[in-house]
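# quick one: sequence and predicted model below, then my questions.
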Amino acid sequence: MKTQIIGCGNLGRGDDAAGVLVAKRLRQLGVEAEIQSGGAFELLASWDHHERVILIDAVVTDSRLGAVHAWEGHPPRLPEARQFSSHGFGLAEAIRLAQVLGSLPRQITVYGIEGEAFAVGDAVSPEVLDAVERVAQQIAQECRKPIADNVLQMRTAQPQ
């Protein structure tokens, strides 16, 4: 299944950089990942023709700073979150709009990293930086697993 990974956010707005930082870390780990602002229309256009999409963004759900949330489904059931990120009409709205338009990817996973500092010029919180690394490692592992499973299946299927 063709997977597209998109890290959303804004490097200049503190914890809103979480998704972008995950995408950058994934690239360092050898995993393809896009960086986007997280605007709904940009997301809709980019995931067209992809069966599976993994989205990473900062969220505010009143959980502890740096908490990692994961939602999956068709569509994923996202909680009502207060929005402090730089994209007011963003990820959640893109998913709802894609559902209405019938252009929702077959599988969507959303990783939300709990943030609290979103002002222009804020530094990324240490807790968010820790979460960025955890999420990047988890996604990288998920992306490598099907390859390893396929190689193992091919080896066991070959006649001896």
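Yes, it's here.
# in which helix or strand would I find residue 145?
helix 126-157 (DSSP states H and E).
# you'd agree residue 110 is in a helix?
No - assessed with DSSP: H, G, I helix; E, B strand; the rest coil, residue 110 is strand; it does not lie in a helix.
# that one touches residue 91, doesn't it?
Yes - taking contacts as Cβ atoms under 8 Å, residue 110 lies within contact range of residue 91: 6.9 Å. Just so you know, the C-beta spots here come from the backbone N, C-alpha and C atoms, and that holds for glycine as well.
# overlap in contacts, these two.
Shared contacts of residue 110 and residue 91, defined by Cβ atoms under 8 Å, 6 or more residues apart in numbering, comprise 55, 57.
# comparing those two, which residue is more hemmed in?
Each of residue 110 and residue 91 has its neighbours counted (other Cβ atoms under 10 Å); residue 91 has more, 28 against 23.
# tell me the contacts of that one?
8, 38, 40, 43, 55, 57, 110.
# just checking, the fourth one is part of a strand?
No - remark: residue 43 does not belong to a strand; assigned using three-state DSSP, it is helix.
# I figured it was touching residue 94, is that so?
Yes - if you go by Cβ under 8 Å, residue 43 and residue 94 touch, sitting 4.1 Å apart.
# which residues in the protein form strands?
Remark: strands assigned in the chain by DSSP state E are 3-8, 34-36, 52-59, 68-73, 107-114.
# for residue 8, see how far away residue 39 is.
Per Cβ to Cβ, to the nearest Å, residue 39 is found 9 Å from residue 8.
# if you could redo that for residue 23, that was the one I meant.
Taking Cβ to Cβ, one finds residue 23 at 9 Å from residue 8.
# the residue nearest to residue 119 when sequence neighbours are not counted: neighbouring residues, count only.
Nearest residue to residue 119, sequence neighbours excluded (Cβ to Cβ, 6 or more residues apart in numbering): residue 14, at 6.3 Å. Residue 14 has 23 neighbours, counted by other Cβ under 10 Å.
# follow-up on the earlier one: switch the contacts of residue 91 over to TSV; also include pLDDT and distance to residue 102.
Conversion of the contacts of residue 91 to TSV gives the following (pLDDT from 0 to 100; distance: Cβ to Cβ, whole Å):
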residue	pLDDT	distance to residue 102
8	93	23
38	79	22
40	81	16
43	85	16
55	94	19
57	93	23
110	92	20
